[in-house]
Structures are given as C-alpha cells and as structure tokens.
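**Student:** Using only what follows, build the 3D model:
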Amino acid sequence: MGSELFEIGRRVAVTVPASTGNVGPGYDSLGLALAHHDELAVTVLEDGLEFALHGEGSEAVPRDAGHLVVRAMRAAFRAAGVEEMPGLRLEARNRIPHGRGMGSSASAVVAGVLAAEALLPPERALGPRRVLQVAAAMEGHPDNVAPSLYGGLVISWADGEGWSSAPVAVHEDVVPVVAIPDYEVPTRLARSLLPAQVPHHDAAVNAGRAALLVEAMTRRPELLLPATEDRLHQPYRAAAMPPSARLVQGLRERGLPAVVSGAGPTVLVLAAGTGAAAEAERAVAELTAPDAGSVAWRVLRLRVDGQGAKLEEHPQQIQG
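**Tutor:** The predicted model follows:
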C-alpha cells in the first residue's frame with residue numbers, strides 16, 4: 001500500500017523552533033528550544049515533487065528527493081509501513097541559519113516527520129514516541145530534535161528501548177542571546193575533533209555542571225555562569241572556530257554565561273534578565289570589533305520557545 005492512502009490536495013503546515021544542543025556541559029543530552037522558527041507547508045500531489053523555498057540557505061539546498069524534509073518524510077512513511085511516497089509540494093520559509101549550530105537540520109527533520117505523521121491515515125499514525133525515534137535516528141542523537149519537538153529545556157537519554165526525552169520549563173528570566181558569525185563549521189568536522197577518551201576529572205566536572213545547569217535554568221538563573229562550564233567538547237573544538245572560541249572566553253571573563261551553541265560556531269549567552277541581555281549585546285559588539293575585517297556577526301535576542309513544533313491544518317500560503 002502506498003500513495004492511495006493519501007488525499008490529493010490535502011495541505012498541512014508545521015512551524016518548528018531553532019534549537020541549541022549541549023547548552024554547555026550537557027553534551028548530546030541537553031537541548032534548548034529557541035524562538036526563531038522555520039515554517040513548512042506540504043501539499044499532497046498526484047505525483048512528482050515541487051518546491052517553493054525561501055529564506056536562509058534556500059538557494060543551496062537540493063530541489064529533489066535529496067531535500068532533507070523529503071528524506072525525513074520518507075523515513076516517517078517507511079516507519080509507518082508505507083513504502084510509496086505520494087507526490088508533494090513543499091513550501092518553506094527558513095529563518096534558522098544553516099551550519100551555525102542552531103539546529104537547522106534538526107528543524108527540517110522534525111518538520112518533515114511531523115508533516116508526514118499528519119498526512120498519514122489515523123490507523124497508520126506513528127504516535128509521539130515513534131516520531132521521536134524516527135527524528136533522532138536521522139540526526140544520530142536527540143539533543144536538537146527533542147527541543148524542536150517539545151519546547152523548553154529537554155533532557156534526553158537512551159536505553160534498550162530507544163531514545164527518551166523529558167522537557168523542563170525554563171525560568172522566565174532566562175534570555176538567550178545568540179551571536180551568529182558569517183562562517184560555518186560542519187558538525188562532522190566538529191565531532192571529529194573530539195578525543196575518544198577524556199580525563200576522569202573533566203568528566204566529573206561536567207556531570208556536576210550539567211546537574212547544576214538544570215537548577216540554574218529552572219529555578220536559579222544567577223547560577224548560570226558556573227553551570228555552563230564545559231570540559232568535554234568546547235576546548236577540543238576551539239581550533240575549528242577561533243573567533244567563536246575567543247568570544248566565548250571574553251564573555252565568560254566578563255561574567256556572562258557564554259557557550260558554543262551546539263557544534264558551533266554560533267555563540268550563545270544565557271542571560272539572567274533583560275539587563276544582562278543588553279550587557280551581553282554590548283559585550284559582543286566590543287569583543288568582536290577586532291574581527292570586523294574578517295568575520296561579520298549578527299546578534300539576536302531571542303526567547304525560549306516553551307511549546308515546540310506546531311502543526312496546522314489548512315494553512316495559509318507561505319510568503320517569500
């Protein structure tokens with residue numbers, strides 16, 4: 001059974017937040033949803049693939065079956081026992097920058113899996129747990145897809161039955177500020193720089209900081225500076241992103257809880273209140289001034305997205 005399961009002309013839309021993985025010490029286990037969204041609408045056609053893509057990275061992505069959203073939809077359909085894809089028209093407005101450590105690929109995967117889930121007949125539906133498994137399998141880990149799905153701060157882990165995630169509400173005073181440079185660091189390169197083993201002391205430090213980070217993010221934002229200390233991945237990745245590493249160090253020396261967002265090179269500051277957010281913005285401007293001739297930085301003050309991905313039936317046209 002395949003394309004006959006789908007209603008020709010049916011249209012659904014998904015809005016998916018950006019995400020930042022690791023959040024400092026929570027390597028491959030913590031992620032945070034950011035209120036900076038990609039939008040996707042999918043319409044079922046009789047056959048073929050059509051694309052109307054706008055925004056960040058839209059000129060560089062494939063317009064065929066290799067498009068990440070199409071691949072995610074195919075993975076979801078196959079998980080539901082449906083091998084034959086229907087024809088599809090994809091409309092997208094991308095706001096999440098590509099290759100910067102803000103979960104652009106995870107947002108595309110989540111959008112595709114949720115769109116496929118919405119188009120499946122009820123008896124074929126995957127359900128929330130299998131949606132997470134399909135999305136995390138495509139990404140290789142859940143620390144970006146889980147916050148894009150659920151919103152907030154999300155703790156993820158694996159056991160014999162697959163991936164599980166626990167969303168946690170974030171304190172209202174936590175204000176994410178991101179500094180996005182105009183260069184990319186491929187996630188594959190960033191991962192290749194990590195050692196196979198780390199000192200026991202560094203692992204112990206990270207375990208304590210990751211536990212403290214949950215307390216800081218949920219109840220005591222004044223603890224965010226010590227809570228964001230990391231020794232497992234950022235020191236090893238610094239050579240791949242010197243401007244970002246310098247910025248993180250400079251911000252932390254000023255008492256601002258800065259980390260590399262995901263695999264980088266975006267820098268994330270978890271400010272405790274709007275005053276600290278304004279201070280972070282000023283500090284970024286001052287600290288990046290020496291790089292002005294070689295690196296351009298875009299600074300955004302965001303919110304934590306507490307809701308995660310949203311599905312809409314019969315959506316309006318996505319504008320370019």
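**Student:** Local confidence estimate at residue 196?
**Tutor:** pLDDT for residue 196: 93.
**Student:** That one belongs to a helix?
**Tutor:** No. Going by DSSP: H, G, I helix; E, B strand; the rest coil, the assignment for residue 196 is coil, not a helix.
**Student:** Give me the phi and psi for it.
**Tutor:** phi -70, psi -30 (degrees, to the nearest 10).
**Student:** ok, it - contacts?
**Tutor:** Residues counted as contacts of residue 196 (CB atoms under 8 Å, 6 or more residues apart in numbering): none. C-betas here are computed from N, CA, C, even on glycine.
**Student:** Next one: it relative to residue 236, how far apart?
**Tutor:** Counting by CB to CB, to the nearest Å, the gap from residue 196 to residue 236 is 11 Å.
**Student:** and what of residue 7?
**Tutor:** Per CB to CB, residue 7 is found 50 Å from residue 236.
**Student:** Neighbour count for those two, which is higher?
**Tutor:** The neighbour count for residue 7 versus residue 236, taken as other CB atoms under 10 Å, is higher for residue 236 (16 against 10).
**Student:** buried residues in the host helix or strand of the more buried one?
**Tutor:** Using DSSP states H and E, residue 236 maps to helix 234-237. Residues 234, 236, 237 are the ones in helix 234-237 that count as buried (16 or more other CB atoms under 10 Å).
**Student:** Give me the three-state assignment for residue 294.
**Tutor:** Applying three-state DSSP: residue 294 is coil.
**Student:** That one: how many residues sit nearby?
**Tutor:** 10.
**Student:** same deal with residue 33?
**Tutor:** Neighbour number of residue 33 under other CB under 10 Å is 34.
**Student:** One more: residue 222?
**Tutor:** 13.
**Student:** who's in contact with it?
**Tutor:** Residue 222 touches 216, 272, counting by CB under 8 Å, 6+ apart.
**Student:** From what I see, residue 176 and residue 266 are in contact.
**Tutor:** No. Using CB atoms under 8 Å, residue 176 makes no contact with residue 266, being 10.7 Å away.
**Student:** any residues in contact with both of these two?
**Tutor:** Overlap of the contact sets of residue 176 and residue 266 (by CB under 8 Å, 6+ apart) consists of residue 20.
**Student:** Can you tell me which helices and strands the longest helix that the chain contains packs against?
**Tutor:** When the chain is parsed with DSSP state H, its longest helix is helix 200-218. For helix 200-218, the elements it packs on are strand 30-45, strand 153-159, strand 162-168, helix 224-227, judged by 3 or more CB pairs under 8 Å, 6 or more residues apart in numbering; DSSP states H and E.
**Student:** Swap in 10 Å and give it another go.
**Tutor:** When contacts are defined as 3 or more CB pairs under 10 Å, 6 or more residues apart in numbering; DSSP states H and E, helix 200-218 packs onto strand 30-45, strand 153-159, strand 162-168, strand 174-181, helix 224-227, strand 267-272.
**Student:** out of those, deepest packed?
**Tutor:** strand 267-272 (a mean of 27; mean count of other CB atoms under 10 Å).
**Student:** could you redo the helices and strands packed on helix 200-218 as a markdown table and give each row distance to residue 135 and mean pLDDT?
**Tutor:** Below are those laid out as a markdown table (distance: least, CB to CB, whole Å; pLDDT from 0 to 100):
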| stretch | distance to residue 135 | mean pLDDT |
| --- | --- | --- |
| strand 30-45 | 12 | 97 |
| strand 153-159 | 11 | 96 |
| strand 162-168 | 9 | 96 |
| strand 174-181 | 22 | 98 |
| helix 224-227 | 27 | 98 |
| strand 267-272 | 22 | 98 |
